[in-house]
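requesting a structural model of the entry that follows:
(one chain, ligands or ions: 1)
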Amino acid sequence: MKILLTGKTGQVGYELERSLQGLGEIIAVDRTQMDLSNLDQIRNVIRTVKPDLIVNPAAYTAVDKAESEPELAMLINGIAPGVIAEEAKKIGAGIIHYSTDYVFDGGKRGAQGEFVPYTEEDVPNPINVYGKTKLAGEQAIIASGCPHLILRTSWVYSTYGKNFLLTMLRLGNERDELKIVDDQWGSPTWSGWIADTTAQLIKEKLVSSDAAGDRAERFAAINGIYNFVNSGYVTWCGFARGIFANAALDGRLLKKSAPIVYSISTLDYPVPAERPLNSELSTQKLQMILNVPVSSWSESLQECLARESAFNK
Ligand SMILES: NC(=O)c1ccc[n+]([C@@H]2O[C@H](COP(=O)([O-])OP(=O)(O)OC[C@H]3O[C@@H](n4cnc5c(N)ncnc54)[C@H](OP(=O)(O)O)[C@@H]3O)[C@@H](O)[C@H]2O)c1
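From the prediction side, this is the model:
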């Protein structure tokens with residue numbers, strides 16, 4: 001199987017380039033080789049490479065900046081995935097694409113007014129530009145008729161790049177007290193888990209000789225949208241406390257005692273893009289196609305932090 005991987009410099013793309021090894025010929029490209037704001041370049045790369053599968057973690061991910069660059073964000077997140085999918089369909093390839101919890105408005109509640117997790121059947125209603133562009137990308141892929149897996153992930157962190165984990169470790173080494181938002185709920189998700197689980201799905205469902213039918217039939221059996229997050233729910237504040245509990249124990253990533261983490265509300269931390277308060281995604285549908293339990297956010301955090309060598313790159 002020939003796999004074209006976009007965005008190899010991103011948190012998820014970097015891990016994917018490693019996790020996909022062994023599944024076939026991996027052609028990993030960065031922004032200079034396949035710029036998602038250049039639709040002709042996208043078409044040329046796909047026509048030249050002729051992959052069997054395109055894995056697309058590349059995206060415009062600057063959630064706040066997207067509010068002032070809506071056209072560029074829409075081109076990269078909303079239009080380009082549709083072009084990729086159209087090209088894939090022409091050559092009989094499938095696409096694995098990543099989307100976001102931010103396609104929802106965060107208002108889903110149960111009978112007692114409590115937050116309940118979103119399922120894949122819930123109707124999206126994004127409240128910021130980034131979410132709107134990512135939803136447009138999902139819809140363009142579906143409209144193309146290309147075999148697809150759309151994997152909605154959330155609160156992605158990694159040992160490199162720009163993310164909440166690295167921000168907390170940096171601030172934790174600088175300050176004695178931190179104030180962190182405590183009324184947005186979601187699932188922090190490690191890019192290493194995303195990549196390993198994607199590779200596992202490809203191996204078991206699309207490549208394995210145990211899977212029935214040809215590749216198109218195998219894809220058809222799992223085609224669709226999946227919530228793709230570590231299990232369990234926590235606030236940003238709870239996540240920060242989880243990080244410091246682990247990092248402090250580790251004693252290497254945090255050079256001083258852990259800071260005291262105080263909770264604040266979303267209203268106390270104004271940012272350009274509105275965030276959903278409820279970002280909880282149910283993993284029930286994903287669990288049905290995986291042979292192993294979905295790792296919890298705290299298990300994945302421990303595994304990520306244990307990779308100390310990765311922090312020293
Ligand atoms: N990060 C999160 O918290 C989060 C949450 C929910 C969903 N997601 C989704 O998960 C996927 C992976 O996100 P991530 O966290 O790995 O993002 P990331 O670390 O910000 O990486 C984004 C990647 O996209 C590339 N890229 C940006 N603009 C591009 C363009 N015009 N052409 C080609 N490549 C371009 C970046 O290249 P450069 O290195 O050159 O900039 C980078 O490789 C995305 O679909 C994202 O929407 C992320």
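
now do the strands in the stretch 51-200 of the chain.
53-56, 94-100, 148-153, 156-157, 177-181, 185-186, 189-190 (DSSP state E, counting those that start in this stretch).

CA atoms only for stretch 295-302 - export them in CSV, please.
Output of stretch 295-302 as CSV, limited to C-alpha atoms (Å, rounded to 0.1, in the frame of the first residue of the first chain):
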residue,chain,number,x,y,z
SER,A,295,-6.7,4.7,26.4
SER,A,296,-7.8,7.2,29.0
TRP,A,297,-6.4,10.8,28.9
SER,A,298,-4.4,10.2,32.1
GLU,A,299,-2.9,6.9,30.8
SER,A,300,-1.8,8.6,27.6
LEU,A,301,-0.5,11.6,29.5
GLN,A,302,1.7,9.3,31.6
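
for the protein, which residue occupies the most central location?
residue 153 (3.9 Å; Cα atoms, centre = their mean).

is the closest residue to the ligand within the stretch 101-250 of the chain in a bridge, and if so with what?
For the stretch 101-250 of the chain, the residue closest to the ligand is residue 156, as judged by Cβ to the nearest ligand atom, at 3.5 Å. (Each C-beta comes from the backbone N, C-alpha and C, glycine too.) Beta bridges link residue 156 to residue 189 when assigned by DSSP bridges.

that one contacts residue 192, correct?
No: contact criterion Cβ atoms under 8 Å: residue 156 and residue 192 do not qualify, at 10.4 Å.

burial measure for the residue of the stretch 1-150 of the chain found nearest the ligand, as a count.
Closest contact between the stretch 1-150 of the chain and the ligand, by Cβ to the nearest ligand atom, is at residue 10 (2.3 Å). Neighbours of residue 10 under the rule other Cβ atoms under 10 Å: 22.

identify the residues contacting it.
Listed by Cβ atoms under 8 Å, 6 or more residues apart in numbering, the contact set of residue 10 reads 57, 58, 59, 61, 161.

next: residue 265.
By Cβ under 8 Å, 6+ apart, the contact list for residue 265 reads 181, 182, 183.

quick one, which of those are buried?
Listed as buried from those are 181, 182; burial here means 16 or more other Cβ atoms under 10 Å.

now the contacts of residue 265 as TSV including distance to residue 219?
Output for the contacts of residue 265, formatted as TSV (distance: Cβ to Cβ, whole Å):
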residue	distance to residue 219
181	39
182	41
183	40
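
circling back: mean pLDDT and distance to residue 15 added to the strands of the stretch 51-200 of the chain, as TSV?
Output for those, formatted as TSV (pLDDT from 0 to 100; distance: least, Cβ to Cβ, whole Å):
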stretch	mean pLDDT	distance to residue 15
strand 53-56	98	11
strand 94-100	98	12
strand 148-153	98	12
strand 156-157	98	10
strand 177-181	97	26
strand 185-186	98	20
strand 189-190	98	9
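
would you turn those into CSV with distance to residue 302?
Listed next are the strands of the stretch 51-200 of the chain as CSV, based on distance: least, Cβ to Cβ, whole Å:
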stretch, distance to residue 302
strand 53-56, 26
strand 94-100, 23
strand 148-153, 19
strand 156-157, 13
strand 177-181, 20
strand 185-186, 18
strand 189-190, 10
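
out of these, nearest to residue 280?
Comparison of the strands of the stretch 51-200 of the chain against residue 280 by Cβ to Cβ identifies strand 185-186 as nearest, at 5.5 Å.

just how off-centre is the closest one within its chain?
14 Å (Cα atoms, centre = their mean, to the nearest Å).

the helices in the stretch 201-313 of the chain, which residues?
All helices of the stretch 201-313 of the chain, identified by DSSP state H, counting those that start in this stretch, fall at 215-222, 236-250, 284-289, 297-306, 308-311.

nearest spatial neighbour of the residue nearest to the centre of the chain, chain-adjacent residues omitted?
Excluding its sequence neighbours, the residue lying closest to residue 153 (Cβ to Cβ, 6 or more residues apart in numbering) is residue 228, at 4.8 Å.

do the same with residue 64
Per Cβ to Cβ, 6+ apart, closest to residue 64 is residue 272, 4.3 Å.

quick check: the closest residue to residue 131 other than its chain neighbours vs residue 260, distance?
Distances taken as Cβ to Cβ, 6+ apart put residue 102 closest to residue 131, at 3.6 Å, once the chain neighbours are dropped. For residue 102, the distance to residue 260 equals 30 Å [Cβ to Cβ, to the nearest Å].

report pLDDT for the residue of the stretch 1-150 of the chain closest to the ligand.
Listed pLDDT for residue 10 reads 97.

what is the end-to-end distance of stretch 18-32?
20 Å (Cα to Cα, to the nearest Å).

that stretch - what's its average pLDDT?
Averaged across stretch 18-32, pLDDT comes to 97.

quick one: buried residues of that stretch?
Within stretch 18-32, the residues scored as buried using 16+ other Cβ under 10 Å are 19, 20, 23, 24, 26, 27, 28, 29, 31.
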